[in-house]
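Student: After the sequence you'll find the predicted model.
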Amino acid sequence: MTWEPGRLDDQAHLSEGDPGGMLPAVAASAAHVRTGYRAAVEAQVDRLGAHGRPRAIVVAGMGGSGIAGDILAAVAGSGAPLPIVTLRSYQLPGWVGATDLVIAVSGSGDTEETLALATQAVRRGCTLLGVGPSGSQLQAIATQASAIYVAVPINGQSRANIWLLTIPLIVAAAAMRLVPADADLFERVAKALEDMAHRCRPSSDSFVNPGKSLAMDLAESVPMIWGSSPVAAVAAYRLACQLNTNAKYPAVYGELPEAGHNQVASLDGPLAEYDIFADTTGRTVRLVVMRDVEEHPQVTRRREAALRLARERDVRLTEVTAEGVHPLERIASLIALGDYASTYLALGYGVDPTPVSAITELKARISQ
């Protein structure tokens, strides 16, 4: 597989190289926000606010579903009056009990880790909220427990339906007065995603298309992606995961200030050396910094100092800034750009962004 940037402006290739329709799926994000909101309202998730706040919220999910919990925690922010924890495992911690809310999220509705946690939650007497497709095993567990279930119309890979799976959690949090969110906010987010879809559309040339431009920055490098706030850090994690699954591409992510205590040392390492005349293609670091307006002042100082270090060492650098006012708007802007970039990177390498053969094979092997 070789990187050919000309593919990004070849409309025939972008269509033929994406038979699973990952680009159209990313472009449908705005519709997914609106649909997820309607589904949550119709499922009456506001009932969760009738009995007061839980002691803690535990989100159970894997892969493209589990990140819904990370987004919820980032949007709620450090001022949230309760812990919001995402679990990606088979076992609930011992402290989870009847006063806690467990939100089980599964794009397939049959993710074994998520089903295991949902079942344990019911046995322990936790309040359960399920989010996934209609007619799934997860819905059966929720129905049997008389729990609220938000049925969303999942189509294709879970990672392409992030907003269908996430928005019901934000609606639930708003009902419990953990997040200031109403119909107007969700419409603003949808319109912002429509704007991003227009700017990143396949027919838009690389030099004016932010999704294609970021893909070109990432190509032939080892991306080290940092977020400068909890919101930006979730987007950094999402981009790394999307590079893994869409482009089948390795990436490292981190959050400032922690990245300044370990990953920054990579700027002095062998992969940071970049010589345009040397044969080091694909072996040099690209530092990608996702910035947010709500940085801690000390984080801002660390970010600026780290960027100076990178420039002094001629490390290739890309900065991306969140757009919007509300945390949900800002995280959506960063995630949308990363989703487009990872898809365009795949197509630039001639990789079909939809299949995840290695993941499918791994699941098959452990099921035997």
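Tutor: Yep, it's here. Every value quoted in this text rests on a predicted model; they were computed, and no experiment measured them. Residues are numbered from 1 along each chain as shown.

Student: make it CA atoms for all contacts and neighbour counts henceforth
Tutor: OK.

Student: how about the strands in the stretch 251-368 of the chain?
Tutor: 252-255, 285-291, 316-321 (DSSP state E, counting those that start in this stretch).

Student: Check the separation of the first and last residues in stretch 223-234.
Tutor: Using CA to CA, to the nearest Å, the end-to-end distance of stretch 223-234 comes to 16 Å.

Student: Quick one: mean pLDDT for that stretch?
Tutor: Regarding stretch 223-234, the rounded mean pLDDT is 98.

Student: try stretch 7-14
Tutor: So the average pLDDT for stretch 7-14 ends up being 97.

Student: Go ahead and name everything in contact with it.
Tutor: Outside stretch 7-14, the residues that touch it by CA atoms under 8 Å, 6 or more residues apart in numbering are Pro202, Ser203, Ser204, Asp205, Ser206, Lys212, Tyr344, Leu347, Gly348.

Student: Could you do stretch 74-84 as well?
Tutor: 54-59, 69, 72-73, 178-179, 230-231, 234, 327-328.

Student: at 10 Å instead, please
Tutor: If you take CA atoms under 10 Å, 6 or more residues apart in numbering as the criterion, stretch 74-84 is touched by 53-59, 68-73, 101-102, 170, 173-174, 177-180, 229-235, 326-331.

Student: which of those residues count as buried?
Tutor: By neighbour count, with 16 or more other CA atoms under 10 Å, the contacts of stretch 74-84 hold 53-54, 56-59, 68-73, 101-102, 170, 173-174, 177-179, 229-235, 327-331 as buried.

Student: Pro353: which of the strands of the stretch 251-368 of the chain is closest?
Tutor: Of all the strands of the stretch 251-368 of the chain, it is strand 252-255 that lies closest to Pro353, at 19.2 Å by CA to CA.

Student: Which residues does the closest one contact?
Tutor: Here strand 252-255 makes contact (CA under 10 Å, 6+ apart) with 222-241, 243, 259-260, 262-263, 285, 287-290, 299.

Student: Using PDB, write out every CA atom in it.
Tutor: Only the C-alpha atoms of strand 252-255 are listed here, as PDB (Å, rounded to 0.1, in the frame of the first residue of the first chain):
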ATOM      1  CA  VAL A 252      -0.500   7.500  19.800                       C
ATOM      2  CA  TYR A 253      -2.700   9.800  21.800                       C
ATOM      3  CA  GLY A 254      -2.300  11.700  25.000                       C
ATOM      4  CA  GLU A 255      -3.600  14.600  27.100                       C
END
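
Student: quick one, what contacts the residue nearest to Val315 when sequence neighbours are not counted?
Tutor: Spatially, and ignoring its direct neighbours in sequence, Val315 is nearest to Ala272 (6.0 Å; CA to CA, 6 or more residues apart in numbering). Neighbouring residues of Ala272 by CA under 10 Å, 6+ apart: 221-222, 265-266, 283-287, 310, 313-316.

Student: can you tell me which two in the residues you listed are farthest apart?
Tutor: Among the contacts of Ala272, Ser221 and Ala265 lie farthest apart (CA to CA), at 17.2 Å.

Student: For the two, indicate the residue with more neighbours.
Tutor: Using other CA atoms under 10 Å, the more surrounded residue of Ser221 and Ala265 is Ser221, with 22 against 11.

Student: Could you check how far the more buried one is from Glu304?
Tutor: Separation of Ser221 from Glu304 (CA to CA) stands at 22 Å.

Student: Also Ala173?
Tutor: Counting by CA to CA, the gap from Ala173 to Glu304 is 34 Å.

Student: Could you pick out the longest helix of this structure?
Tutor: With secondary structure taken from DSSP state H, the chain has its longest helix at helix 327-348.

Student: quick one: low-confidence ranges for this protein?
Tutor: Within the chain, the ranges that satisfy pLDDT under 70 run 274-282.

Student: who touches Pro202 in this structure?
Tutor: By CA under 10 Å, 6+ apart, the residues touching Pro202 are 8-11, 14-15, 23-24, 209, 211-212, 340, 344.

Student: quick check, nearest of those residues to Leu165?
Tutor: For the contacts of Pro202, the nearest to Leu165 is Pro24 (17.6 Å; CA to CA).

Student: Where does the residue positioned nearest the centre of the chain sit: helix, strand or coil?
Tutor: Nearest residue to the geometric centre of the chain (CA atoms, centre = their mean): Arg238, 3.6 Å. For Arg238, the assignment made with DSSP: H, G, I helix; E, B strand; the rest coil gives helix.

Student: Chain neighbours aside, what residue packs nearest to it?
Tutor: Distances taken as CA to CA, 6+ apart put Ile335 closest to Arg238, at 6.8 Å, once the chain neighbours are dropped.

Student: burial count for that neighbour?
Tutor: Summarising burial for Ile335: neighbours were counted as other CA under 10 Å, giving 22.

Student: Same question for Ala306.
Tutor: Here the number of neighbours of Ala306 (other CA under 10 Å) works out to 18.
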